[in-house]
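Q: Just the structure for this:
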Amino acid sequence: MKVMKKLFVVGAVIASFAPRAEVSVDFHSDISPLLVGGEEVGYSFFAKSDYVLPDGNNQVVLRVSKLVEKLGEREKFNSKAFVLTFNQANEELFIEPDAKIVRVEHAEAFDENPKFSVKDSQGKEVKFELAELPNLGGITRDYEKELAKFNKKNYPNLVVAATATTSAAATKPEAEKAPIKLASETKQPNMFEYWLKQASAEDIEQFAQIAFEGRKQASISVPKGESQALQMLGYWYNQASVEERKQILSHLITL
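A: Next up is the predicted model:
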């Protein structure tokens, strides 16, 4: 019996060090993933940027989203949507733009000649295929439908791993999965996200302008008389930590 217990312990230790048969994908902060593994990436504030995919053929749909300079001002740049196709196993990948994008002319050049870099955990370049995802038209884009049509034409024999896209955060123990709270323990964790959903497009646009103009200040000020949603966005933004504010501003760029 003691021998069996020892063997069990040794086996457990060995298993804990065994490599995981999956591909971890992480994105540069200037990249907004739209589809990972064929599934839409749902946005949530304070979420991680890394995802876990099965070994084999995989695709991500992404775009570059950041602030660029134009005539002394800063404006949002959302690039075209691109499809990145690769085949990897048991690897950690990092995807980033392979171009300098600071001014509006850089952004325009990137859309015409997109360049991305994919590297493994050793910093070595990984082979991939890149193409623009055609827009099927409509008020809003259906990236899943667009990718399905794109693959039917360009990759009719492509078999993408069937398991669903999984955020790396979802693989952590339950104790680590609790939502991140803002500065005070008495606050509800996702109130900014709640009020963003209540706000109108005009409120969000106005808030984005106020937040970007005051991003270097300790707090921002929303003019009196504005809507309740706009006032609450300002309130909860001021309660957020520096890192949380960065994530909020990063998201506002993509809207």
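
Q: In the protein, which strand is the longest?
A: In the chain, taking DSSP state E as the definition, the longest strand is strand 56-70.

Q: Which strands or helices does the helix or strand where residue 147 lies pack on?
A: When secondary structure is defined by DSSP states H and E, residue 147 falls within helix 143-154. Taking 3 or more Cβ pairs under 8 Å, 6 or more residues apart in numbering; DSSP states H and E as the contact definition, the neighbouring helices and strands of helix 143-154 are strand 31-36, strand 39-40, strand 56-70. Every C-beta, even on glycine, is put in place using the N, C-alpha and C of the backbone.

Q: which residues of the stretch 101-250 of the chain score low on pLDDT?
A: Along the stretch 101-250 of the chain, the parts satisfying pLDDT under 70 run over 161-189.

Q: thinking again about what came up before, worst average pLDDT in the helices and strands packed on helix 143-154?
A: When the helices and strands packed on helix 143-154 are compared on mean pLDDT, strand 39-40 scores lowest, with a mean of 82.

Q: buried ones in the helix holding residue 147?
A: Buried positions in helix 143-154, judged by neighbour count with 16 or more other Cβ atoms under 10 Å: 143, 146-147, 150-151.

Q: Can you name the two of these that sit furthest apart?
A: Greatest spacing in these, by Cβ to Cβ: 143 and 151 (12.2 Å).

Q: now the closest residue to residue 74 other than its chain neighbours, which residues is it bridged with?
A: Closest residue in space to residue 74, ignoring its immediate chain neighbours: residue 67 at 4.6 Å, by Cβ to Cβ, 6 or more residues apart in numbering. Under the criterion DSSP bridges, residue 67 forms beta bridges with residue 76.

Q: can you pull the contacts of residue 67?
A: 74-77, 212, 253 (Cβ atoms under 8 Å, 6 or more residues apart in numbering).

Q: Give me the distance between it and residue 211.
A: When Cβ to Cβ, to the nearest Å is applied, the distance between residue 67 and residue 211 equals 12 Å.

Q: And for residue 137?
A: Residue 137 is 32 Å from residue 211, where distance means Cβ to Cβ.

Q: who has more neighbours, those two?
A: residue 211 (18 against 7; other Cβ atoms under 10 Å).

Q: ok, the more buried one touching residue 250?
A: No: with contact defined as Cβ atoms under 8 Å, residue 211 does not reach residue 250; the gap is 11.2 Å.
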